[in-house]
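Chemist: Sequence and predicted structure are below.
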Amino acid sequence: MRLVVDLNRCQGYAQCAFLAPDVFAMHGDEGLLYDPQAAAAQRERVLQAAAACPVQAILVDGLDLAATAPAAASHGEASDG
Amino acid sequence: MADTALDQLKRSGRVVVVGASLAGLRAAEVIREKGFAGSLTLIGDEPHEPYDRPPLSKQVLLGKADAERTLLPRRRDIDAEWRLGVAATGLDMAARTVKLADGEEVPYDRLLIATGVRARPWPNEAEGELGGVFTLRTREDGVGLARALNAGPRRVLVIGAGFTGSEIASACRERGLEVTVAERGNGPLVGALGGVIGAVAAELQRENGVDLRTGISVTALEGDSTGRVRAAHLSDGTTLECDVVVVGLGAQRNTEWLMGSGLGAGPRGIACDAGCRAFDLRGIVTDDIYVAGDVARSPHALFGYQFLSLEHWGNAVAQAETAAHNMMSESTDRRPHLWVPAFWSSQFGVNIKSVGVPSMGTEIMITQGSRAERRFTGVYGYQGRVIGAVTFDNGRWLQFYEKQIECTAPFPPPFTTVDRRPDGQRPIPADFPDPSVPTHGPTITLSGYSPADRRIATFTPAGH
């Protein structure tokens, strides 16, 4: 699955690195490195990360945010930022 | 209700987008979002679907992502005809056609030009073709450079300490490779952020083991008998042995294909109005040709209506969205592209971000944190107002200063109690290089009143 992070928006809250550590990793105190083409097996975690991002900086292929937000909430992983 | 020209365009018109990268893709998505049901053609000289470039100088060089796997995600289906791997070579504004390298002519009713920039090549062509000499802009560049770094070179030479060059040097050090950076200015990043911040960037490089040489240019590259680079000759008379060289001398705008078309396109880009409509050479705005991304230069109300050229990821997205919106709107529904410039860089473990136009600043004041800790906010002032800001690992302050820029808040900032340290409360000269001397550093170019503008070669008298 393809993804991109708008690093202008990113403020290093690290929610994504917590929820999908194989795809997102903090680099230094504030920088973020991510795998732009994550394995399909990571999809659920990446969608949770995208939903939980306090500044909504993560864009994922074919992601309909309205459809995934409840899924993240049902896992109890949604962040209030 | 009457069937307007816009209705007809949306129903059965032909939209052509030249440039199939970030700006072209995002524009295409918005064009469809606006209800365009006609034919949509995307033309790109690279043979790939739109991919993301920032990772090429970061995670790709660190071995944490594959250069061939940075394709941009799609926000929606764009149902486009893709013409990839074929460059646009000409524009006939009267016939409304784009000519392609394979001889075909593609007709349009609305055209969006988003042809971007390319890496400025090493000026000596034969030396630039030596094995081990790279630029970094395309996927192929990323694949080649990553492979060269994987091979464990003895020393990498980076020519030019702008953002790309500095990020490459950072990746080399993180991988334990010896790296020399040769910069003809007096520090890294000075074109974009000025000498005060350049001095911090220089300390960062040296602390991390970069052999940084400022005030130095590379006069020649020398190959061995197999055609691989083996050494570089420097302007101080010394010779440096190196087996990988990265040329980081900035970018050139892809406008040559428009020469002779009558469009207002030149080495600085394509001039357009705030609504992204291209100007022709006579300074008259066109009705059907729009511009977005790195190749565009447009006037900005916040920055003295000067023409801004921005090589920024966020600008490509925002300008593409505005251009696409305007292409599909009645004139009264059009909106201006008044995005506040913003960019980021990641190097030596520090997250560097900026908003506004620091290079307009004559003074800088460290308002939060301290340079010694490598964690600070610097605010740039111009004629008594806040014009830009930069943060080192202090990004959460940027939104605040973006608002200060947008409301033309006074400089120096009068507030005294927000996380301020005594060492930074005084504005000092921002120390930018002379703007009339071209540098490869800035990612923002201001023009319109610049003396360098006289060198633009595209002006031809009207002849009637």
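Modeler: Everything's here; your move. Residues are numbered from 1 along each chain as shown, chains lettered A, B, ... in the order given.
Chemist: Flag every residue of chain A that's near chain B.
Modeler: Residues of chain A lying close to chain B (CB under 8 Å from any CB of the partner chain) are A:1-4, A:6-8, A:10-12, A:25, A:27-31, A:33-37, A:59-63. Any C-beta I mention is one placed from the backbone N, CA and C, and that applies to glycine too.
Chemist: For the top helix by length along chain B, which outside residues touch it?
Modeler: Longest helix of chain B, by residue count under DSSP state H: helix B:190-207. The contact list for helix B:190-207, computed with CB atoms under 8 Å, 6 or more residues apart in numbering or on different chains, reads B:161-163, B:166, B:169, B:181, B:185-189, B:212, B:214, B:347-348, B:350, B:354, B:358-359, B:361, B:364, B:371, B:374, B:378, B:380, B:390, B:392, B:428-433, B:439-444.
Chemist: circling back to that earlier point, any quick PyMOL command for the buried ones out of the residues of chain A next to chain B?
Modeler: To isolate the buried ones among the residues of chain A next to chain B in PyMOL, judged by 16 or more other CB atoms under 10 Å in any protein chain shown, type:
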select buried, chain A and resi 1+2+3+4+6+7+8+10+11+12+25+27+28+30+31+33+34+35+36+37+59+60+61+63
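Chemist: so of the residues of chain A next to chain B, which ones are in strands?
Modeler: Using DSSP state E, the members of the residues of chain A next to chain B that fall in strands are A:3, A:4, A:25, A:27, A:31, A:33, A:34, A:59, A:60.
Chemist: Looking at these, spot the one nearest chain B.
Modeler: residue A:31 (4.0 Å; CB to the nearest CB).
Chemist: got a list of what the closest one touches?
Modeler: By CB under 8 Å, 6+ apart, the neighbours of residue A:31 are A:12, B:346, B:349, B:350, B:351.
Chemist: Make TSV from the residues you listed and add pLDDT and secondary structure to it.
Modeler: Shown next, in TSV, are the contacts of residue A:31 (pLDDT from 0 to 100; DSSP: H, G, I helix; E, B strand; the rest coil):
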residue	pLDDT	secondary structure
A:12	92	coil
B:346	95	strand
B:349	95	coil
B:350	97	strand
B:351	97	strand
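Chemist: Any of those residues buried? List them.
Modeler: Among the contacts of residue A:31, those classed as buried by 16+ other CB under 10 Å are A:12, B:346, B:349, B:350, B:351.
Chemist: Surely the last one touches residue B:395?
Modeler: Yes: using CB atoms under 8 Å, residue B:351 is in contact with residue B:395, at 6.1 Å.
Chemist: ok so, going back, so which of the contacts of helix B:190-207 reach chain A?
Modeler: Checking those against chain A (CB under 8 Å from any CB), the matches are residue B:350.
Chemist: Of the contacts of helix B:190-207, which belong to helices?
Modeler: Of the contacts of helix B:190-207, the ones assigned to helices by DSSP H are B:163, B:166, B:169.
Chemist: The nearest residue to the first one once chain neighbours are set aside - how many residues pack around it?
Modeler: This points to residue B:163. Among residues not flanking residue B:163 along the chain, residue B:345 sits closest, at 4.7 Å (CB to CB, 6 or more residues apart in numbering or on different chains). Residue B:345 has 25 neighbouring residues, counting by other CB atoms under 10 Å in any protein chain shown.
Chemist: Likewise for residue B:227?
Modeler: As a burial measure, residue B:227 scores 11 neighbours (other CB under 10 Å).
Chemist: Quick check: it vs residue B:74, distance?
Modeler: Look at residue B:227 and residue B:74: by CB to CB, to the nearest Å, they are 41 Å apart.
Chemist: Just checking the helix or strand hosting residue B:145 against chain A, any contact.
Modeler: Using DSSP states H and E, residue B:145 sits within helix B:139-150. No: remark: helix B:139-150 sits outside contact range of chain A, by CB under 8 Å from any CB, the gap being at least 11.6 Å.
Chemist: Identify each buried residue in that helix, please.
Modeler: By neighbour count on 16+ other CB under 10 Å, the buried set for helix B:139-150 is B:139, B:141, B:142, B:144, B:145, B:146, B:148, B:149.
Chemist: Setting the sequence-adjacent residues aside, check what's closest to the residue of the stretch 101-250 of chain B found nearest chain A.
Modeler: Per CB to the nearest CB, residue B:174 is where the stretch 101-250 of chain B lies closest to chain A, at 9.3 Å. Nearest non-adjacent residue to residue B:174, counting by CB to CB, 6+ apart: residue B:62, 6.1 Å away.
Chemist: so who does that neighbour touch?
Modeler: A:33, B:171, B:174, B:175.
Chemist: okay, now residue A:24: neighbour count?
Modeler: 25.
Chemist: should've said residue B:38
Modeler: Neighbours of residue B:38 (other CB under 10 Å): 15.
Chemist: Residue B:100 versus the closest residue to it other than its chain neighbours, what's the distance?
Modeler: Once flanking residues are discounted, residue B:38 sits nearest to residue B:13: 4.1 Å by CB to CB, 6+ apart. Residue B:13 is 20 Å from residue B:100, where distance means CB to CB.
Chemist: And for residue B:191?
Modeler: 35 Å.
Chemist: Neighbour count for those two, which is higher?
Modeler: Neighbour totals were compared for residue B:191 and residue B:100, and residue B:191 leads with 27 against 19 (other CB under 10 Å).
Chemist: CA-only coordinates of stretch B:31-50, as CSV, when you get a sec.
Modeler: Output of stretch B:31-50 as CSV, limited to C-alpha atoms (Å, rounded to 0.1, in the frame of the first residue of the first chain):
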residue,chain,number,x,y,z
ILE,B,31,-10.3,18.3,-11.7
ARG,B,32,-12.3,15.0,-11.5
GLU,B,33,-13.5,16.0,-8.0
LYS,B,34,-15.0,19.1,-9.5
GLY,B,35,-17.1,17.0,-11.8
PHE,B,36,-15.1,17.0,-15.0
ALA,B,37,-16.3,14.1,-17.1
GLY,B,38,-14.4,14.8,-20.3
SER,B,39,-11.1,13.4,-21.5
LEU,B,40,-8.1,13.9,-19.2
THR,B,41,-4.6,13.3,-20.4
LEU,B,42,-1.4,13.3,-18.3
ILE,B,43,1.9,13.7,-20.1
GLY,B,44,5.2,12.9,-18.3
ASP,B,45,8.7,12.6,-19.6
GLU,B,46,9.6,10.0,-17.0
PRO,B,47,8.4,6.5,-17.6
HIS,B,48,6.9,6.1,-14.1
GLU,B,49,3.6,6.8,-12.5
PRO,B,50,3.8,9.9,-10.2
